[in-house]
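missing the sequence, but the structure's below:
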């Protein structure tokens, strides 16, 4: 074993120059998978940085509370219609199965026409609800898009500040390169003497 004296790893450590967000701290307990609002996800720095900023920014906190409240309201407002729609779809599915069990072709065609009329009347009745539901889903999607944009822009500002104030020095890398240069020169010298 050959021991070469030189610079140690401890000499190359740099200390942060500014307050670093918890999401970007080296001593932070990192897990490969975290639970986010979208479910299990990889370590999401955008969300972590944004959530950290939300805690200290009343206007962002108010937006997050509003989002949560509207998400709950949306689910509640759609529940009755979705239940109603599911029961009707279930009924027409069973009616179709019973229709297919009728062997008399004339009777089967007559009942099929009755079911079709009923289905058409039902679809006409719910068309207004479908339009309102579509409009609600578009608004929700538009809010989701803006929420993603907001998270990106807020976290991007935090990253920019981190980048400006915490860029590590290249001196430790250059020092190791110089150590390698000295090592290579010594080895080349020994190699040349032993040729």
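Thanks, I have it. All figures in this text were calculated on a predicted structure; none of them were measured in a lab. Numbering: from 1, shown residues only.

any idea of the pLDDT on residue 29?
Per-residue confidence (pLDDT) for residue 29: 52.

make that residue 58, sorry
pLDDT, the model's per-residue confidence, is 96 for residue 58.

that one: what's it in contact with?
For residue 58, the contact set (CB atoms under 8 Å, 6 or more residues apart in numbering) is empty. The C-beta positions use only the backbone N, C-alpha and C, and glycine is treated the same way.

how far away is it from residue 64?
Taking CB to CB, to the nearest Å as the measure, residue 58 falls 11 Å from residue 64.

for residue 88, same thing?
37 Å.

can you name the residues that contact residue 108?
With contacts defined as CB under 8 Å, 6+ apart, the neighbours of residue 108 are 99, 102.

and after the strand or helix carrying it, which helix or strand comes next?
Take DSSP states H and E as the rule and residue 108 turns out to sit in helix 105-166. Next in sequence after helix 105-166, counting helices and strands by DSSP H and E, comes helix 171-193.

pLDDT on that next one, on average?
Per-residue confidence for helix 171-193 averages out to 96 on the pLDDT scale.

mind checking how far it is from the chain centre?
Between the centre of helix 171-193 and the centre of its host chain there is 47 Å, according to CA atoms, centre = their mean, to the nearest Å.

kindly report the same for stretch 147-154.
Counting by CA atoms, centre = their mean, stretch 147-154 comes out at 12 Å from the chain centroid.

would you mark the buried spots in it?
Neighbour-count burial for stretch 147-154, counted by 16 or more other CB atoms under 10 Å, picks out 151, 154.

show me the contact partners of it.
By CB under 8 Å, 6+ apart, the residues outside stretch 147-154 that reach it are 46, 47, 49, 50, 53, 60, 63, 67.

so who does the third one touch?
With contact set as CB under 8 Å, 6+ apart, residue 49 has these partners: 21, 23, 24, 154, 155, 158, 159.

okay, those residues in CSV with pLDDT and distance to residue 189 next?
Output for these, formatted as CSV (pLDDT from 0 to 100; distance: CB to CB, whole Å):
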residue, pLDDT, distance to residue 189
21, 86, 49
23, 86, 49
24, 86, 45
154, 97, 57
155, 96, 52
158, 95, 51
159, 95, 47
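
sounds good, over and out.
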